[in-house]
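Peer 1: Make a model of this:
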Amino acid sequence: MALLLPLLALSLLFAVATPIRDITYACSSEVKDFQHLNSSGLHLALHHPQSPCSPAPLPTDLPFSAVLTHDDARIGSLAARLAKTPSARPTSLDENRAATPAADSLASVPLNPGTSVGVGNYVTRLGLGTPATSYVMVVDTGSSLTWLQCSPCLVSCHRQAGPLFNPKASSSYASVSCSTTQCSDLSSATLNPAACSSSNVCIYQASYGDSSFSVGYLSKDTVSFGSNSMPNFYYGCGQDNEGLFGRSAGLIGLARNKMSLLYQLAPSLGYSFSYCLPTSSTSGYLSIGSYNPGQYSYTPMVSSSLDDSLYFIQLTGITVAGKSLSVSSSAYSSLPTIIDSGTVITRLPTSVYSALSKALASAMKGTPRASAFSILDTCFQGQASRLRVPAVNMAFAGGAVLKLAARNLFVDVDSATTCLAFAPARSAAIIGNTQQQTFSVVYDVKNSKIGFAAGGCS
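Peer 2: Next up is the predicted model:
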């Protein structure tokens, strides 16, 4: 088969299309309210993976053990990524469905793992092309390249909500040649080398630690936000997409890399973004552009030679019922700390986790204990919303503090058991999305700081 003709690009128009799945009238209204571009930046609705308002919700009967399995895969992928360990699984894009030299050489390239994008990721809707079309996309601060599934899907496409993106339907679509700067930039954006088709079209390879991957053509198109549009947005038009992406069309990358959505929009909107990760019963948002700096307490972004695209910060202390944990201050810095939108369970240095578990068990001594659940070993009988829990604060360098409510401390693993939403770390500590839920979190990349503010979701 000859190289795919004009492949339409990723739709960052999250607002102008009809809902892709059945959504209530109230949910549809909330989506419209958030999807707009104005002088204060781009504002998009953000959905919890299990929200009934999500345009691509997870199955309602998905056991929490599956969430933990996917979450552990994401942690493993981050560990491999920081260690710069290649994946054992190569991928290829055989555009001619025949054994050509180009295909053979591409198939022999090992892929480095990115961050696993499993069931813990939040989704929004976005659109692209002329005319614009809307798609359900995973939002990931641990990834750089934005991509979505494209027809004719030469090799494999996972099931998604709504139709595949059709490049032939966009009058503004263009493929990107192998000689461009953007093709060269793929190696830093995906941690894998770019390849070149026999038709001189740049091929990207985005891989994830749970063996999920997307391979396809680097493309550009007009991205639209309501009545506003921006031309020449670079993204991946996926032709071989396999793995744990739910029913999303693809992924939006928000990492610190020139190929990410953030950096491509930054010349117009600024180098900052903020979000509020909602619970399954609240409404959240993703905003790119200006924000109100006065409402946040800040912690500096920390530079790390391990990976310059991830967001590192420094955890300095945890208190339970006003008392500091019984560990040295150096225990908190024994591992690098990443803040991540797609990890569900926060990972702490082992000594810090053990001290937190012990302090909480002591403070909740009258609450009946329950058996460990998978990787979660501090569990209680009942539901998080009905427990009397002590005040727990997480402090960061610079004075930023997260004051955790019960919903940020515990996760209900079944109808009768709730567990502490923390676990021991591997090669890095990670501030996960359970602890971030309902806080407004701003990533001010220009000023190298991250801010937290309570009460961000509605």
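Peer 1: which residues are in contact with stretch 444-456?
Peer 2: 256, 262, 266, 270-272, 275-276, 284-285, 291, 293, 295-301, 311, 313, 339, 398, 400-403, 438-443 (Cβ atoms under 8 Å, 6 or more residues apart in numbering). Bear in mind the C-beta positions are built from the backbone N, C-alpha and C, glycine included.
Peer 1: Can you flag the buried ones in these?
Peer 2: Among those, those classed as buried by 16 or more other Cβ atoms under 10 Å are 256, 262, 266, 270-272, 275-276, 284-285, 291, 296, 298-301, 311, 313, 339, 400-402, 438-443.
Peer 1: Can you pull out the low-pLDDT segments for the chain?
Peer 2: For the chain, the stretches flagged by pLDDT under 70 are 1-40, 50, 56-62, 85-120, 209-211, 225-227, 244.
Peer 1: Restricted to strands, list the contacts of stretch 444-456.
Peer 2: The strands, defined by DSSP state E, take in 272, 275-276, 284-285, 297-300, 313, 339, 401-403, 440-443 from the contacts of stretch 444-456.
Peer 1: could you pull out the helices for the protein?
Peer 2: 25-34, 64-82, 101-107, 181-190, 261-269, 329-332, 350-363, 406-409, 433-436 (DSSP state H).
Peer 1: What residues sit buried inside the fifth one?
Peer 2: For helix 261-269, burial by neighbour count (16+ other Cβ under 10 Å) applies to 261-266, 269.
Peer 1: Make TSV out of these and add distance to Asn447.
Peer 2: Output for the buried residues of helix 261-269, formatted as TSV (distance: Cβ to Cβ, whole Å):
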residue	distance to Asn447
Leu261	19
Leu262	14
Tyr263	15
Gln264	20
Leu265	17
Ala266	13
Leu269	15
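Peer 1: Return the closest of those with respect to Ala79.
Peer 2: The closest of the buried residues of helix 261-269 to Ala79 turns out to be Leu262 (Cβ to Cβ; 24.6 Å).
Peer 1: Am I right that the closest one is in contact with Leu254?
Peer 2: Yes: between Leu262 and Leu254 there is a contact at 5.2 Å, judged by Cβ atoms under 8 Å.
Peer 1: out of the helices of the chain, deepest packed?
Peer 2: helix 433-436 (a mean of 24; mean count of other Cβ atoms under 10 Å).
Peer 1: quick one, what contacts the nearest residue to Glu242 once chain neighbours are set aside?
Peer 2: Nearest residue to Glu242, sequence neighbours excluded (Cβ to Cβ, 6 or more residues apart in numbering): Ser156, at 5.4 Å. Shown in contact with Ser156 (Cβ under 8 Å, 6+ apart): 240-242.
Peer 1: Just list whatever residues bridge to Ser156.
Peer 2: Ser156 has these beta-bridge partners by DSSP bridges: Asp240.
Peer 1: Check the gap between it and Gly238 for me.
Peer 2: Ser156 sits at a distance of 10 Å from Gly238 (criterion: Cβ to Cβ, to the nearest Å).
Peer 1: Could you do Tyr135 as well?
Peer 2: With Cβ to Cβ as the criterion, Tyr135 and Gly238 are 12 Å apart.
Peer 1: what sits in contact with each of the two?
Peer 2: 148, 250.
Peer 1: Nearest the middle, which residue of the chain would you pick?
Peer 2: By Cα atoms, centre = their mean, the chain has its centre lying nearest to Asp140, at 1.9 Å.
Peer 1: burial of Asp308, as a residue count?
Peer 2: Neighbourhood size, Asp308 [other Cβ atoms under 10 Å]: 12.
Peer 1: how about the nearest residue to it, chain neighbours excluded?
Peer 2: With Cβ to Cβ, 6+ apart as the criterion, Asp308 has its nearest non-adjacent residue at 6.5 Å, and that residue is Arg256.
Peer 1: Which parts of the stretch 51-200 of the chain are strands?
Peer 2: Counting by DSSP state E, counting those that start in this stretch, the stretch 51-200 of the chain has strands at residues 122-128, 133-140, 147-149, 174-175, 195-196.
Peer 1: I'd like those as TSV, with distance to Phe373 appended.
Peer 2: Putting the strands of the stretch 51-200 of the chain into TSV (distance: least, Cβ to Cβ, whole Å) gives the following:
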stretch	distance to Phe373
strand 122-128	23
strand 133-140	26
strand 147-149	34
strand 174-175	48
strand 195-196	43
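Peer 1: Out of the ones you listed, the one nearest Leu325 is which?
Peer 2: strand 122-128 (29.6 Å).
Peer 1: What's opposite the spatially closest residue to Ile313 that is not a sequence neighbour in the beta bridge?
Peer 2: Closest residue to Ile313 apart from its sequence neighbours, by Cβ to Cβ, 6+ apart: Thr299 at 5.1 Å. Note on Thr299: beta-bridge partners Ile450, judged by DSSP bridges.
Peer 1: what does Tyr235 give?
Peer 2: Ser219.
Peer 1: Surely it touches Trp147?
Peer 2: Yes: the pair Tyr235 and Trp147 passes the contact test of Cβ under 8 Å, sitting 5.8 Å apart.
Peer 1: higher neighbour count, the two?
Peer 2: Set Tyr235 next to Trp147 and count neighbours by other Cβ under 10 Å: Tyr235 wins out with 33 against 28.
Peer 1: In contact with the more buried one, which residues?
Peer 2: Applying Cβ under 8 Å, 6+ apart to Tyr235 gives the contacts 9-10, 128, 145-148, 218-221.
Peer 1: hang on, the earlier thing: who has more neighbours, Tyr135 and Gly238?
Peer 2: Neighbour totals were compared for Tyr135 and Gly238, and Gly238 leads with 34 against 29 (other Cβ under 10 Å).
Peer 1: any idea how far Phe410 is from Ile252?
Peer 2: 29 Å.
Peer 1: An error on my part: the question was meant for Asn166.
Peer 2: Taken as Cβ to Cβ, the span from Asn166 to Phe410 is 45 Å.
Peer 1: Over to Gln381?
Peer 2: 12 Å.
Peer 1: Over to Ala174?
Peer 2: Ala174 sits at a distance of 49 Å from Phe410 (criterion: Cβ to Cβ).
Peer 1: same deal with Lys84?
Peer 2: Distance, Lys84 to Phe410, using Cβ to Cβ: 35 Å.
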